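> What would the 3D arrangement of this be:
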Amino acid sequence: MLQVIILAAGKGTRMKSKSAKVLHTLCNKPMIEYIIEEALKLTKNVHVILNHQFENVKNIVSKYPVKILKQDLKNFPGTGGALKETSLEEEKILILNGDMPLIQANELKKFLNIDADIVMSVMKLNNPDGYGRVILENNKVKKIVEQKDANEEELKIPYVNAGVYLFKKEILQKYLPKLSNQNAQKEYYLTDIIEMAVNDGLSVKAIEVKEENFKGINSKKDLAKAEEIMCKRIKEYWMKLGVIMRLPDTIFIDAYSSFEGECEIESGCVIKKSVIIESKIKSNSVIEEAIIKNSEIGPIARIRPKSEIIDSKIGNFVEVKASKLNGVKAGHLSYLGDSEIDKGTNIGAGSITCNYDGKNKYKTKIGKNVFIGSDTKLIAPITIEDEVIIGAGSVVNKDVKKGALAISRAPLKIVEKFYYKFFGRKD
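Okay, the predicted model is just below:
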């Protein structure tokens, strides 16, 4: 049986952020969540060790069926210190880091297939500068050398410690009490267990892993690179299921969005926490926390949270927020907020629902087959019943009954030859 322990107690000072490192997001999702989800594919026995911003991280982690522990950083700092007070419950213990969101369960399963007292992950890097080197002999770990302690030959070694380990329980039980913090950082290091086990002649085998999957996040630059990889994975997944993407490298789709049926996403789109069903999203549109079904959105449209758009066409420079549109056409340059609009209704260019009075938000209800003329202002709360025509340029602040015409315009005044008088010129 397997126990997974995720180390997520560190401050992540190199991120230069007020937020805990493991709460930084990739594709809109905290990195710690990716790691927990992959761990739970391997076993139900997952422990997460926290400390920095404990409550904030706990609030995210607690939605998963994992055991949450708090590391005593004062008395037991470091990666080895994290395990000092952790119960070891299974025959094999897999140690993961909370800043490795690109790890995948199918890669971690490979650790379980190796017969050794300790299985240690190593990466082969073209430029290993800054990393401790791992000395290998017949795929067995002979030694780990920190860069500052490495000689000229050791510095040429391309293999570095990737930070993921599989221990037999008895190995940790034997060596954890022997860990010392007599080092420059005054911390307890898991790597010291590797050294002690090698010196005692135990079996310590290396497994070479891909940098793309095991590289840790230590800076905003690392975060951006990892998000690029994660976003690519997400898009490739949906394209395999039939979604068409035009210039996919320019598209951002977060970890919470989903697609049903044959959807098409054009270049430059951003889609977050949304469900897209049998729809086309044209270029440079932004969709957040919305449901889009059998509709066409954009180009350059913005669909904000709590919107549901069905059988509709939403054109360029149209913004929809917290609205339900069913069978609606809004071709261009409109704002539809806190509204319900029914089938067959056409929203003219420049029309807006005036939903906010500076204190409260109000609802606009528009029925079926309504024609809203261009540059119309609907002052909410308001109800426009079925089969109404509203003249262009109108400001409507009263309910309009079925079949009526509503028009509100100031009388047009024309002053002859005013241009010449104003500029002091003769006609």
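
> Can you check which helix is longest in this protein?
The helix that spans the most residues within the chain, counting by DSSP state H, is helix 220-240.

> just checking, what packs against the helix or strand just after that helix?
Under the assignment DSSP states H and E, the closest C-terminal helix or strand after helix 220-240 is strand 244-245. With contacts defined as 3 or more CB pairs under 8 Å, 6 or more residues apart in numbering; DSSP states H and E, the packing partners of strand 244-245 are helix 220-240, strand 264-265. Just so you know, the C-beta spots here come from the backbone N, C-alpha and C atoms, and that holds for glycine as well.

> Parallel or antiparallel, list what pairs with strand 244-245.
Note on strand 244-245: by DSSP bridges, its sheet partners are strand 264-265 (parallel).

> List the neighbouring strands of the following helix or strand past the partner strand plus their orientation.
Towards the C-terminus, the helix or strand next in line after strand 264-265, according to DSSP H and E, is strand 270-272. Strand pairing for strand 270-272, using DSSP bridges, gives strand 252-253 (parallel), strand 286-288 (parallel).

> re earlier: tabulate the helices and strands packed on strand 244-245 in TSV, adding columns for mean neighbour count.
Output for the helices and strands packed on strand 244-245, formatted as TSV (neighbours: other CB atoms under 10 Å):
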stretch	mean neighbour count
helix 220-240	16
strand 264-265	22
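
> Format these as a markdown table; extra columns: distance to Glu208 and mean pLDDT.
Converted to a markdown table, the helices and strands packed on strand 244-245 look like this (distance: least, CB to CB, whole Å; pLDDT from 0 to 100):
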| stretch | distance to Glu208 | mean pLDDT |
| --- | --- | --- |
| helix 220-240 | 19 | 97 |
| strand 264-265 | 36 | 98 |
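
> can you redo those as TSV with distance to Lys186?
Below are the helices and strands packed on strand 244-245 laid out as TSV (distance: least, CB to CB, whole Å):
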stretch	distance to Lys186
helix 220-240	26
strand 264-265	52
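
> Out of the ones you listed, which is closest to Ser374?
strand 264-265 (29.1 Å; CB to CB).

> which other residues reach the closest one?
Where contact means CB atoms under 8 Å, 6 or more residues apart in numbering, the residues beyond strand 264-265 that reach it are Val243, Ile244, Met245, Arg246, Ile251, Ile253, Ile271, Ile276, Ser279, Lys280, Ile281.

> Let's see that with 6 Å instead.
Contacts of strand 264-265 from elsewhere in the structure, counted by CB atoms under 6 Å, 6 or more residues apart in numbering, are Ile244, Met245, Ile251, Lys280, Ile281.

> Likewise for stretch 190-198?
Taking CB under 6 Å, 6+ apart as the rule, stretch 190-198 contacts Thr79, Gly80, Ile118, Ile144, Tyr175, Leu179, Val204.

> out of everything not next to it in sequence, what's closest to the third one?
Setting aside the residues directly before and after it, Ile118 is nearest to Val204 in space (CB to CB, 6 or more residues apart in numbering), at 4.5 Å.

> now, of the strands paired with strand 270-272, which is deepest in the fold?
Using mean count of other CB atoms under 10 Å, the stretch among the strands paired with strand 270-272 with the largest mean neighbour count is strand 286-288, at a mean of 23.

> Show me how far that one is from its chain's centre.
14 Å (CA atoms, centre = their mean, to the nearest Å).

> and if you look at stretch 80-92?
Relative to its chain's centre, stretch 80-92 lies at 31 Å (CA atoms, centre = their mean).

> Can you tell me the closest non-neighbouring residue to Gly261?
If you skip the residues right next to it in sequence, Gly261 has Glu278 as its closest partner in space, 3.8 Å away by CB to CB, 6+ apart.

> Need phi/psi at that neighbour.
Summarising the backbone geometry of Glu278 under the convention degrees, to the nearest 10, its torsions are phi 50, psi 50.

> Next one: it relative to Asp149, how far apart?
For Glu278, the distance to Asp149 (CB to CB, to the nearest Å) stands at 61 Å.

> which of these two has more neighbours?
Remark: of Glu278 and Asp149, Glu278 carries more neighbours, 14 against 10, as counted by other CB atoms under 10 Å.

> So that one sits against Asn294, correct?
Yes - Glu278 sits in contact with Asn294 when judged by CB atoms under 6 Å, with a separation of 4.9 Å.

> For Tyr420, pull up the helix or strand it's in.
helix 418-423.

> ok, and what's touching that helix?
Applying CB under 6 Å, 6+ apart, the set of residues contacting helix 418-423 from outside is Asp427.

> Kindly format the C-alpha coordinates of it as CSV.
The C-alpha atoms that make up helix 418-423 are tabulated as CSV, following Å, rounded to 0.1, in the frame of the first residue of the first chain:
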residue,chain,number,x,y,z
PHE,A,418,-25.6,79.0,-37.6
TYR,A,419,-22.3,77.6,-38.8
TYR,A,420,-21.2,80.8,-40.5
LYS,A,421,-22.3,82.9,-37.6
PHE,A,422,-20.4,80.8,-35.1
PHE,A,423,-17.2,80.8,-37.1
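
> Remind me which helix or strand Ile5 belongs to.
Short version: Ile5 belongs to strand 2-8, going by DSSP H and E.

> Name every strand pairing with that strand and say which way it goes.
Strand 2-8 sits in its sheet next to strand 46-50 (parallel), strand 92-97 (parallel), going by DSSP bridges.

> Tell me which of these sits most buried.
Mean neighbour counts were compared across the strands paired with strand 2-8 using mean count of other CB under 10 Å; the top stretch is strand 46-50, at a mean of 24.

> neighbouring contacts of the helix or strand of the chain with the lowest mean pLDDT?
Of all the helices and strands that make up the chain, the one with the lowest confidence by mean pLDDT, DSSP states H and E is strand 140-145; it has a mean of 85. Identification of contacts with strand 140-145 by CB under 6 Å, 6+ apart yields Met120, Gly132, Arg133, Val134, Ile135, Glu154, Thr191, Ile194, Val204, Lys205, Ala206.

> Of the contacts of stretch 190-198, which is the nearest to Ala404?
Lowest distance from Ala404 to these (CB to CB) belongs to Thr79, with 73.4 Å.

> would you say the closest one is within a helix?
Yes - going by DSSP: H, G, I helix; E, B strand; the rest coil, the assignment for Thr79 places it inside a helix.

> Now it. Nearest residue, chain neighbours left out?
Thr79 sits nearest to Leu190 (CB to CB, 6+ apart), 4.4 Å away.

> To what extent is the one you found buried, counted in neighbours?
24.

> if I look at it, how far off is Ser121?
Between Leu190 and Ser121 the distance is 12 Å, computed by CB to CB.

> Please apply the same query to Val370.
For Val370, the distance to Ser121 equals 63 Å [CB to CB].
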